[in-house]
Structure formats: structure tokens, C-alpha cells
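**Q** Need coordinates for the following:
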Amino acid sequence: MAQETLSFQAEVKQLLQLMIHSLYSNKEIFLRELISNASDAADKLRFEAIADPALFENDASLRIRVTYDKAARTITIDDNGIGMSRDEAIANLGTIAKSGTRDFFSKLSGDQQKDAQLIGQFGVGFYSGFIVADRITVESRRAGLAPSEGVRWVSAGDGEFGIETIDRAQRGTSITLHLREGEDELLNGWKIKSTIQKYSDHIALPIQMPKEEWDQEKSETVVRDEDETINQASALWARSKSEIEDAQYTQFYQHLSHDHDAPLAWTHNRVEGRSEYIQLLYLPAHAPFDLYDRNKHGGLKLYVRRVFIMDDAEQLLPGYLRFIRGVVDSSDLPLNVSREILQESRDVKTIRDGVTKRALSMLEELAENEKDKFATFWGAFGQVLKEGVGEDFANKDRIAKLLRFASTHGDTAEQTVSFADYVSRMKDNQTKIYYVTADSWLAARNSPHLEVFRKKGVEVLLLTDRVDEWALSYLTEFDGKPLASVARGDLDLGELSDEEKQAQEKVSGDLKPLVEKIQDALKDKAKEVRLTFRLTDSPSCLVADEGDMSGYLQRMLKAAGQALPEARPILEINPDHPLVKRLSADTPALEDWSHLLFDQALLAEGGVLEDPASYVRRTNALLLAGARG
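**A** Here you go, the predicted model:
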């Protein structure tokens, strides 16, 4: 079939310009990416051959072979993996189907080293070949197709590619890079070998090169007619921990995750018993771009007796640990296991429980022994871990000990405390753990609800993550101490407020007529109006009745488009505030004053006025009346 010329997708053209012009100083990454793709092709063949062994075509020994030709100025990466059909070559090499393409460009920072590392993470590693090549030729045949159904793909990275059908006896893919001028340093066996060992030593199948030796008589390097394997070529997780160096663990993590940073921690162990498996789990140092994508289900790579089965096996991890990366290799699961079978398998439930416990142990060790690293983890994944309080009842107490919150004990949002820290600082007569929710740390810290707590020196947790209030609906106590919102129900500080109780009862009787008048004026806005002693500086605040949804949660759910039942707040007024002291049941314009107290309280907790124009009108009228008086 004659060669057909097609155009690249627009995003590919943009990407090629980046590869050619922006990432030039990090050119050795092309070898890492192309070898990683070849390894994936071998994994895919192993997986498909479980159902159809004929795909091996009497050649089950999978390998990657790298060669170079000084005269032709080419480097070739060859594999005998799954290969590509003509349609797959067009789809895989001419377009970027992933929706993450736009995210890839948005993540670019201008730092060449960091930008180069994003390539694999966003699945665009093939195009890194154009960093060093001004033309790339790909020849491939998909396993199971006839030799006459091979395909050749050629492009100079100029916006177009040619494709034609060829005869190809060998299944798999050969990628030949025609090097640019000035790239001859890559045409060196030692250079290629050292680069492969640096980036790809962990690849679990042989990476081979023609054997080179120094010929004393000729005083030159000669190439022998035999290949040598230049990497360890064994599954890293299957080796003994004593044989693996930290650098190898880090390289394997970077291969798995396409993350250029080292992991914060890892745990590697063999589990024996009713279900036998190996787990190698990593804790990343930063969040991936799609951590909060609801359509993205993170998970572990699943192997069965060293045979790759699937990526992102989310059944092996609970959702709140979706940031964990790693490998599980089972000795018990069938090779033809599917996602549907995983959901129903008792062995998988056992593995999931074991992985969960091991991951939590890794976090506990980090929190106990490496507090700086745990703080880094918390900044990246704390919101996700909080989901576990409501999702994992069996481990709720363990998760609760790992939670961190800002509090009035610290001076910045980054200074976080654990529940255990809080409990250790509780007042002698304090019986509850107090918290406040708000849209931001500043709003929480300045909440009028905290005034009496500051006066008495009682610490309050400042909750500002969207998941917080939902999570605490499942976590009602810690270490026997109930959790109490400072903005819910009638405030009861127990023995801490005994001295105020008698004074409160007297004032309540004296101001009863005023309270009733304000209640009548706000009958459509407030469920109840009452006096409070939780305020010291503000004239009023809003609280949710016990059992009602807080104002913060109502606003959050409304913003998400959810219909909510009507739940009016309670208005509490401060009898010691000068403004309230000047009011009485007979005050002129008391109705305007009542609405002003309510609206100010709503604004102070971050709420939105339903009728801002009326608020401005009332405020101006009262200011004018005060100016005349």
C-alpha cells in the first residue's frame, strides 16, 4: 500500500515544538521514555496472551533491544511486545487522546528539568524522541496479525506523518531515531548503556545491547555477534529487601509514577497466610494533577506471579488512599482475573485490608518519627485522608490520630495540631474538643464564635477544608472527649462557665421584652433569638440549632447545586455590647436594628445577604439618625 500523509492533531504540533525547542538540555530522557513504553508493550502482550497464548507466536521470551549505527547516525529501540496495527499507529502516534493534554501544558513551569519530568506523567513520552531526532521511523506489527499487516510510520516532527503497510515478520515495534546534527555523542555504547542503567535498571525484562569489547591489537572498541543484558531484568519487588538500595527503590517509583521527585516513604513486604502476596507501596511527595478528578480511579499495579494484569486496580485500595502508588503481586489470584472478579473475590478483600493497614502504618511511622515529611504529606493529601473517617469504619480511630488541623494555638494556617496535641492542652475542667468551620483560615480565626474561648484561653480547632464538616459528622469523639462545634446549639462550657450562669439568668429576665421584640421582627429569618455569653466583642452571631445543618455546610451544598430543606439559624445577641445596651423594646426603628444585627452576624460568618440593597438602606438610615441625634 502506498504511503499516506496525514496531519498531526493540533495538540501534538504544540507538543513537538516544546520537545524540539524547550526541553533540549534534558535530551537523555528520550531513552528512558521509549524503554518505558517498550516495557508497557511487553506487559500488555503478557496480559492479552493469558486469554490467547497464540499471541506469543512461539516466542514467549520478551525483551528490549537497543542498538546504534554510527554510519547511519541512528539509534533503534526494538521490542517484541504487543505491537501496533495501522489504525493503532495512527491513533497512538498521531493524536493524544488523553484529556490531560491541556493539563500538561498548564503545568509547565519554564524549568526545563521539571518540565521534562512531566512528559511520562501525561503519557506523551514517545514524542520526546524529537528532542534528539529530526526524523523518527516506527515499524510495527500487532501480535496475532499476519506478517503482511505490518505498518511503517515516519515523521520529521513538522506537523505531518506518513504511514504505509509493510511486510514485517517479527511482532512488536522498532523505533529508529535519525539524530540531529550535533548529537553524535549519543552514538556511543558506553553513553547509551550508562543512561539505561541510570533510568531503567529496574525494568523487569532484559534490555539488551550488542556486546562491545576493547580490542588491544586494533586499539578500538569492537562489536561482537552476541548480545548482553545490561539491566538486572528481574522484578524489583520480588527481590529481597536486603538486596535493594534506596536509589533503586526511588528509580522504580519514578518509573511507576512518572514522578521526577523521590517518594516520601515506602514499605516493602511479603505477606504469607491465607492469602500470599508481595506489596511495595510508595507515598508520593506531592499530589498528581488529577487527584480530585472524580472520573479518575487511582490504584496499584496488579501482578499475578510476576505477570502484569492491570494498571490502577482500584479494588486493592480504599478511595481515601488513592494517592498511594505501588505494586501488588499475588500468588493466589487466577491469571485471567478481571475487574469484575476483583470486586467479588475474598482474596482481594484480604489483600485490600492488608494494603490498607500497611499504608496506615507507613503514615503512622512518618507522623511519629519524621514530622517534617509528614507535614509535607499532609499539605498534599490531608483533605483526601479525611475522607477515610466516613468511608472506613474499621480504621476510623487510626485515621483520626493522623488528622491535622489549624487551631487557635498556632499563628498560621500551616501550623497544624493533632487531636492528641489538643487533648494534651485541654483545661483541667474542659470536657469537650471545640472546633469552628469557615471558608478560610482567616475567617475561622476571626469568627465571633471564638470570643469567649479566647477570654478563657480555651483552644479551638479551625476547620477550613470542604470535607471537614462532613468528616466530623462521622467522628463524634476522640479519646472519650466529644467534639463540639462552637457554632451549634446552646453553648455550654461546663464548669468553665459556672461563674457566668447566675448573671446570665438575671440579665435574661431583664432583657426578655427586647428579645421578644427582635424575635417578632425576624420571624421570617431567625428560628429563635436569645441572649448569649459566648461573645465579648461582637454584638451578635448566628448558630445552628442542635441537629440542624450549619450555615457553612448549607452554603457549601447550595454552591454544589443541591436542594436543601429550610433550616433557619438562631440569632444570639451579646447583652454586654454597647449597641445592645442602648436598645430596648421601645427603641425607635427597632425593626431596622434587628435586621442589622442579623445581617452583620451573617456577614461575619462568611454568609451572603439575600437582599444587600435593603441592608445598605437600613444601615444608612440608622447612621443618619445617629448623626442627627
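**Q** Can you show me the CA trace of the host helix or strand of residue 89 as PDB?
**A** Element membership of residue 89, judged by DSSP states H and E, is helix 86-94. Extracted in PDB, the C-alpha atoms of helix 86-94 (Å, rounded to 0.1, in the frame of the first residue of the first chain):
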ATOM      1  CA  ARG A  86      -2.100   0.500  11.200                       C
ATOM      2  CA  ASP A  87      -5.100   2.100  13.000                       C
ATOM      3  CA  GLU A  88      -3.400   1.900  16.400                       C
ATOM      4  CA  ALA A  89      -0.300   3.600  15.000                       C
ATOM      5  CA  ILE A  90      -2.400   6.500  13.700                       C
ATOM      6  CA  ALA A  91      -4.300   6.700  17.000                       C
ATOM      7  CA  ASN A  92      -1.300   6.300  19.300                       C
ATOM      8  CA  LEU A  93       1.300   8.300  17.400                       C
ATOM      9  CA  GLY A  94      -0.700  11.000  15.600                       C
END
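**Q** Packing partners of it?
**A** strand 133-141, strand 150-155, strand 160-166 (3 or more Cβ pairs under 8 Å, 6 or more residues apart in numbering; DSSP states H and E). No exception for glycine: its C-beta is placed from N, CA and C like everyone else's.
**Q** Make TSV out of the ones you listed and add mean neighbour count and mean pLDDT.
**A** What follows is these, written out as TSV (neighbours: other Cβ atoms under 10 Å; pLDDT from 0 to 100):
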stretch	mean neighbour count	mean pLDDT
strand 133-141	22	95
strand 150-155	22	95
strand 160-166	17	94
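**Q** Can you tell me which of those is nearest to residue 431?
**A** strand 133-141 (70.5 Å; Cβ to Cβ).
**Q** Give me the mean pLDDT for stretch 179-188.
**A** Stretch 179-188 carries an average pLDDT of 92.
**Q** Check stretch 450-470 too.
**A** pLDDT averaged over stretch 450-470 gives 90.
**Q** go on, stretch 403-422?
**A** 93.
**Q** likewise stretch 214-229?
**A** 80.
**Q** same thing with stretch 283-302?
**A** Mean predicted lDDT for stretch 283-302 stands at 76.
**Q** Now do the spatially most central residue of the chain against residue 319, distance only.
**A** Geometric centre of the chain, nearest residue: residue 291, 3.1 Å, by Cα atoms, centre = their mean. To residue 319, residue 291 is 11 Å away according to Cβ to Cβ, to the nearest Å.
**Q** can you give me phi and psi for residue 49?
**A** phi -70, psi -10 (degrees, to the nearest 10).
**Q** if we can go back for a sec, helix, strand or coil for the residue nearest to the centre of the chain?
**A** Residue 291 falls in the coil class when you classify it by DSSP: H, G, I helix; E, B strand; the rest coil.
**Q** Name all residues that make contact with it.
**A** Residues near residue 291 by Cβ atoms under 8 Å, 6 or more residues apart in numbering: 298, 322, 323, 381, 384.
**Q** for the last one, what are its contacts?
**A** Going back to what we said before, that points to residue 384. 291, 320, 322, 323.
**Q** picking up where we left off before, now the helices and strands packed on helix 86-94 in JSON lines, with distance to residue 606?
**A** Putting the helices and strands packed on helix 86-94 into JSON lines (distance: least, Cβ to Cβ, whole Å) gives the following:
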{"stretch": "strand 133-141", "distance to residue 606": "55"}
{"stretch": "strand 150-155", "distance to residue 606": "55"}
{"stretch": "strand 160-166", "distance to residue 606": "54"}
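**Q** Which among those strands is found nearest to residue 476?
**A** strand 133-141 (59.4 Å).
**Q** In terms of secondary structure, what does the closest one contact?
**A** helix 86-94, strand 150-155, strand 172-179.
**Q** Just say helix, strand or coil for the closest residue to residue 532 other than its chain neighbours.
**A** Leaving aside its sequence neighbours, residue 532 sits nearest to residue 572 (Cβ to Cβ, 6 or more residues apart in numbering; 3.5 Å). Here residue 572 is strand, with the state taken from three-state DSSP.
**Q** OK, contacts around residue 572?
**A** Residues near residue 572 by Cβ under 8 Å, 6+ apart: 529, 530, 531, 532, 534, 535, 540, 541, 542, 543.
**Q** Between the residues you listed, which sits nearest residue 160?
**A** residue 542 (64.3 Å).
**Q** May I have the residues that are in contact with the closest one?
**A** Residue 542 neighbours (Cβ under 8 Å, 6+ apart): 487, 551, 569, 570, 571, 572, 598, 601, 602, 605, 607.
**Q** domain parsing for this protein?
**A** The chain breaks down into these domains under automatic domain parsing: 4-229, 236-369, 375-493, 496-628.
**Q** distance between the first one and the chain's centre?
**A** Put simply, domain 4-229 sits 29 Å off its chain's centre (Cα atoms, centre = their mean, to the nearest Å).
**Q** end-to-end on that domain?
**A** End-to-end distance for domain 4-229: 38 Å, by Cα to Cα, to the nearest Å.
**Q** Nearest residue to residue 390 in space, please, no chain neighbours.
**A** Using Cβ to Cβ, 6+ apart and skipping the chain neighbours, the partner closest in space to residue 390 is residue 474 (4.2 Å).
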